[in-house]
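Novice: Model the following, please.
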Amino acid sequence: MKHDSHTAFLEAATNIAEHTGKGADLPKAALWAVDRNSISYKKDGHHTLSLYLKGGENSYRHDQASNKGQVGRLCIMPKGQETSWEIAGPINFAHLYISDEQLDFFTSRTFERDSRLINLKDTVYKQDEILRTLMLKRLQLDYEGAATSLLAKEETTNEILYRLTTNHCSGAVPGSALKGGLSHMQLKKVMAFVDESTCASPSLEDMAEVVGLSPFHFARMFKKSCGLSPASFVMRHRLEKVKDLLVNSDKCLASISAVTGFAQQSHMTERFKRYTGTTPAKWRKGA
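Specialist: This is a model prediction of the structure:
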């Protein structure tokens, strides 16, 4: 069987295991090896993107017996969905586990739209060369470990999320109305306010005032639309700004801490490490 350069590393792997760094706020990737078997799959905590790397030509999902797997094909298993599979022989495959919080933050920040309008499709053995290549690149970056640029891993992951949300999602049912939440125009106004605010950490009252709501109702409606509380969203936004300044400016860490709303550099470092799995200094060096 012919393997491209991205999958060659699998031949040398003696231990199929998770490679993603601990604590990094990115979807986790894992490699798996399964022999002939009948299995059920259900994950309540995240969505799963799966890529067949080796074998699987006679494997199938029980409700789609005529649709057989093969190397390079992708499956998308939305959170909470239970499926059963017939594995006809040894296979190697990769999973990328995406939480609701990760998907919702990416969606609301990238498209400035209600995250409930984006729903991953149940997908079985789909051919998507762009997504396949991105998945292989992400696996290669994970395999290389400490030698890998953290920025490169984040960029590749964002490209995967963009491909998923623009090519493998279904929106709200035509003509249906979402219950609660902010309107598209309200959401755009809030996003612009957070992005352009001279205050690195705007208050709930400031954000609510932009759309003319009470802080209580705004907080509830924002979470319905974005899948995150205003506080969680703003913190993520500040940390993303820290990343940008680390890579695209020569500001010292103390200055970056000040302009992104952290009272102390140590607080920024602690939050940043919890979010990315590494320190600001190492992130800058690794970029």
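Novice: pLDDT weak spots in the stretch 151-287 of the chain?
Specialist: 151, 171-178, 198-200, 287 (pLDDT under 70).
Novice: mind redoing it with 50?
Specialist: Scanning the stretch 151-287 of the chain for pLDDT under 50 picks out 173-176.
Novice: which residues in it form strands?
Specialist: 169-170 (DSSP state E, counting those that start in this stretch).
Novice: what's the neighbour count on Met235?
Specialist: 16 (other C-beta atoms under 10 Å). Glycine gets a C-beta too; all of them are placed from N, C-alpha and C.
Novice: Against Gly80, how distant is the residue nearest to it when sequence neighbours are not counted?
Specialist: Spatial nearest neighbour of Met235, excluding adjacent residues (C-beta to C-beta, 6 or more residues apart in numbering): Arg271 at 7.1 Å. Counting by C-beta to C-beta, to the nearest Å, the gap from Arg271 to Gly80 is 30 Å.
Novice: Hmm, the residue nearest to Met235 is touching Val234, no?
Specialist: No - Arg271 lies out of contact with Val234 (C-beta atoms under 8 Å); the separation is 12.0 Å.
Novice: what's the following helix or strand after the host helix or strand of Asn92?
Specialist: Following DSSP states H and E, the helix or strand that holds Asn92 is strand 91-98. Using DSSP H and E, the helix or strand that follows strand 91-98 in sequence is helix 100-111.
Novice: That next one - what's its average pLDDT?
Specialist: For helix 100-111, the mean pLDDT works out to 86.
Novice: now swap in stretch 71-90 and tell me
Specialist: Averaged over stretch 71-90, pLDDT sits at 92.
Novice: Helices of the stretch 151-287 of the chain, start to end?
Specialist: In the stretch 151-287 of the chain, the helices defined using DSSP state H, counting those that start in this stretch lie at 184-196, 204-210, 215-226, 230-248, 253-259, 265-276, 280-286.
Novice: Just want the angle from the fourth one to helix 265-276.
Specialist: Counting by axes from the mean of the first three to the mean of the last three C-alpha atoms, to 10 degrees, helix 230-248 lies at 100 degrees to helix 265-276.
Novice: Could you report the neighbour count for the spatially closest residue to Thr110 that is not a sequence neighbour?
Specialist: In space, and not counting its chain neighbours, Thr110 is closest to Tyr162: 6.9 Å by C-beta to C-beta, 6+ apart. Using other C-beta under 10 Å, Tyr162 has 15 neighbouring residues.
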